[in-house]
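>>> can you look at this prediction? I've put the sequence above it.
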There are 2 protein chains.
Amino acid sequence: MKLTALVMAGGRGERFWPVSRERCPKQFLSLTDDGETLIQKTVRRLLPLVAPEDVYIAANAAYSGLIVAQLPEIPPENILTEPCSRNTAPCIGLAAGIFAKVYGDAVMLVLPSDHLIRDTALFCEDLRTAVHAAESGSLVTLGIPPAYPETGYGYLHCTPGEGCCKVTQFVEKPPRETAEQLVQSGKWLWNSGMFVWRVGAIRAALRIHQPMLYAQVETIADAWGKPSYADVLAANYPALPSVSVDYGVMEQAEDICAVPCRFGWEDMGSWRALERIGDADPEGNCLHGDVVTVDSTGCTVSGQEKLIAVLGLREIIIVDTPDALLVCSKHSTQDIKKLTAALRLQHRQVL
Amino acid sequence: MKLTALVMAGGRGERFWPVSRERCPKQFLSLTDDGETLIQKTVRRLLPLVAPEDVYIAANAAYSGLIVAQLPEIPPENILTEPCSRNTAPCIGLAAGIFAKVYGDAVMLVLPSDHLIRDTALFCEDLRTAVHAAESGSLVTLGIPPAYPETGYGYLHCTPGEGCCKVTQFVEKPPRETAEQLVQSGKWLWNSGMFVWRVGAIRAALRIHQPMLYAQVETIADAWGKPSYADVLAANYPALPSVSVDYGVMEQAEDICAVPCRFGWEDMGSWRALERIGDADPEGNCLHGDVVTVDSTGCTVSGQEKLIAVLGLREIIIVDTPDALLVCSKHSTQDIKKLTAALRLQHRQVL
């Protein structure tokens, strides 16, 4: 069956401020040292499986220029612009409707644009396992064996099977203690937010579990390829409910499977991700740029040409850019949105 | 009796790195918001008492240009250049020898160049009290009623008198517990490092307690005003022992007096001084420049045009300059020299 992909690039990446900015969110930046941006990595690791003309990118219209510039291999007409952000269910629902018109049925990979994958070959292998399960009609999610009791992810309870296993329960963002139990039990996987399904299967699930949303995205998808598309999109997309595909579909649907993945995964969710992907020094400091540390442990520093001198610090994150400097506790990285909200109130240009 | 002054500007100001640099140490910088440098403040608050032609500045020859530029009122020939740093006793001894040649006897004020004084009028009043005591032959030190149990200062035990009191004991840099006891007793003053004495009195004390040093500085002072002075200075000054006037003279001499001073004093010894002289916000943050704080308390931030965003921090000091950024714990400010030592080993230009 035809293999297609939807890469979701709608995020604002606020928790990576001040490197990630509204005009260029993190998915369009290289947060590693190799110069390749997160979205370039996301698309290019797909290309062994999916032809570039079958890869679609969903993002705010403001980012079309960045997408064209960073991904010249993708036809510009494959950019599905979002007039506004409405979470994953509307984005996926609209893409599924468009794919139905373009391809009839097909297997559809759904991938966020800000994940890091260590082993691309294993990634393709695991994807093939997922595609195989999806072809038989399952809604397949890529599950990640949890590395630590993260409280910001969803957890999937799995009945072990051959490669692909049936998901029997979801737990969304558990409290610390629960997360520790889930990790210890060995029977739960992180929900990576990467999905594989037949276009027909996800549309059927949407029609059952999100009938209003389904009807609305069908209206827009019906205009795909017509001169009226932009107007129909602008008129209808903002009215869609903001709901995630996890909550709106996956937690309610039958026949949900997970492939336990082996490829080494990191979602670049906050500055703390850098310490998991980077090489730490013997004191546990993860340093980029011109940095000198004395009596300091567990710090993450991202600088540029300017010398950054760090003295007597524990678990502090320092991110320097030409027009803004962030210094924050490692325990506050989820609160960077408080900071950007404060800056927004002040109408600051650095956002 | 003629009133003269020696302003000591030999410090490297390393604990104020990265604002204070080798080529322009803190005494030549304005660390407050009024634009006047510390040495300008030091000299100008003396001028109601001492004529500018009777004010001498001791500093490394490298800083002569800064002194001439910042203090045009001082005759350039009053700059006593030091070929190298040898602490306060040699510096004061040489100046006293030169003053003896120039003035015969005189009262000599000795003042570090990096102190902040809140009330200049009270400062002049207290100085007049000290001058009065010095005229009768005492070695007078300006004592500061201690504001908190600082462990980095010397303490003077005083027998209360009229304005000027006899110093009966010295305690140099006591451990925390001792410092707390001294402050609580109410009978001890901080040794400010500001002194007043007759030229004859300090020379006599040096001759008794530091006879070698006395003979060496006399050799140099004998050449004052002669073409050979620079050569004699260069040949003899480096051989002088590095000893403080507190340890080498004051702790050993008879007839030491202290004037308990009321003028509001701060030695700009480390970045922590900023929180004592600055206005803190309700969370105890002392902020200079374009700074936004969220969930942070007790932080001191010194920035410039660039936005500095501070999130979830407790008692952290952030100092941003165009070519170097310091982030350090408030409890590590005395260790900035460890940092500058590490940078010196790397032959860094930012020192």
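Thanks, I have the structure now. Residues are numbered from 1 along each chain as shown, chains lettered A, B, ... in the order given.

>>> ranges for the helices of the stretch 51-200 of chain A?
Secondary structure of the stretch 51-200 of chain A (DSSP state H, counting those that start in this stretch): helices at A:64-70, A:88-103, A:120-135, A:176-185, A:199-209.

>>> geometric centre of chain A: which residue is closest?
residue A:112 (3.1 Å; C-alpha atoms, centre = their mean).

>>> within range of chain B, give me the residues from the stretch 151-300 of chain A.
Selection of the stretch 151-300 of chain A residues close to chain B by C-beta under 8 Å from any C-beta of the partner chain yields A:292, A:294, A:295. Just so you know, the C-beta spots here come from the backbone N, C-alpha and C atoms, and that holds for glycine as well.

>>> at 10 Å instead, please
A:290, A:291, A:292, A:293, A:294, A:295, A:296, A:299 (C-beta under 10 Å from any C-beta of the partner chain).

>>> next, count neighbours for the third one.
Neighbour count of residue A:292, defined by other C-beta atoms under 10 Å in any protein chain shown: 20.

>>> below-threshold pLDDT in the stretch 101-250 of chain A: ranges please.
Applying pLDDT under 70 to the stretch 101-250 of chain A flags residues A:161-162.

>>> thinking again about what came up before, mind listing what the residue nearest to the centre of chain A touches?
With contact taken as C-beta atoms under 10 Å, 6 or more residues apart in numbering or on different chains, residue A:112 is in contact with A:7-11, A:27, A:38-39, A:42, A:88, A:192-195, A:267-268.

>>> repeat that for residue A:62.
Contacts for residue A:62 were tallied using C-beta under 10 Å, 6+ apart; they are A:22, A:23, A:24, A:25, A:81, A:82.

>>> can I assume the second one is in contact with residue A:351?
Think residue A:23. Yes: using C-beta atoms under 10 Å, residue A:23 is in contact with residue A:351, at 8.8 Å.

>>> the more surrounded of the two?
Legend: neighbour count by other C-beta under 10 Å for residue A:23 and residue A:351, higher for residue A:351 (18 against 9).

>>> give me the element residue A:275 is part of.
Taking DSSP states H and E as the definition, residue A:275 sits inside helix A:273-277.

>>> so what secondary structure elements neighbour that helix?
The contact analysis (3 or more C-beta pairs under 10 Å, 6 or more residues apart in numbering or on different chains; DSSP states H and E) places helix A:273-277 against strand A:115-117, strand A:265-267, strand A:286-288, strand A:300-302, strand A:316-320.

>>> what angle sits between the longest strand along chain A and helix A:120-135?
Ranked by residue count and defined by DSSP state E, the top strand of chain A is strand A:188-198. Counting by axes from the mean of the first three to the mean of the last three C-alpha atoms, to 10 degrees, strand A:188-198 lies at 60 degrees to helix A:120-135.

>>> next, whichever residue of the stretch 1-150 of chain A sits closest to chain B: secondary structure please.
Nearest residue of the stretch 1-150 of chain A to chain B, counting by C-beta to the nearest C-beta: residue A:18, 7.0 Å away. Here residue A:18 is recorded as coil under DSSP: H, G, I helix; E, B strand; the rest coil.

>>> now the helices and strands packed on helix A:273-277 as a markdown table including mean neighbour count?
Formatted as a markdown table, the helices and strands packed on helix A:273-277 follow (neighbours: other C-beta atoms under 10 Å in any protein chain shown):
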| stretch | mean neighbour count |
| --- | --- |
| strand A:115-117 | 20 |
| strand A:265-267 | 18 |
| strand A:286-288 | 21 |
| strand A:300-302 | 24 |
| strand A:316-320 | 25 |
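
>>> dump those strands into CSV; add distance to residue A:207 as well.
Formatted as CSV, those follow (distance: least, C-beta to C-beta, whole Å):
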stretch, distance to residue A:207
strand A:115-117, 29
strand A:265-267, 29
strand A:286-288, 47
strand A:300-302, 45
strand A:316-320, 45
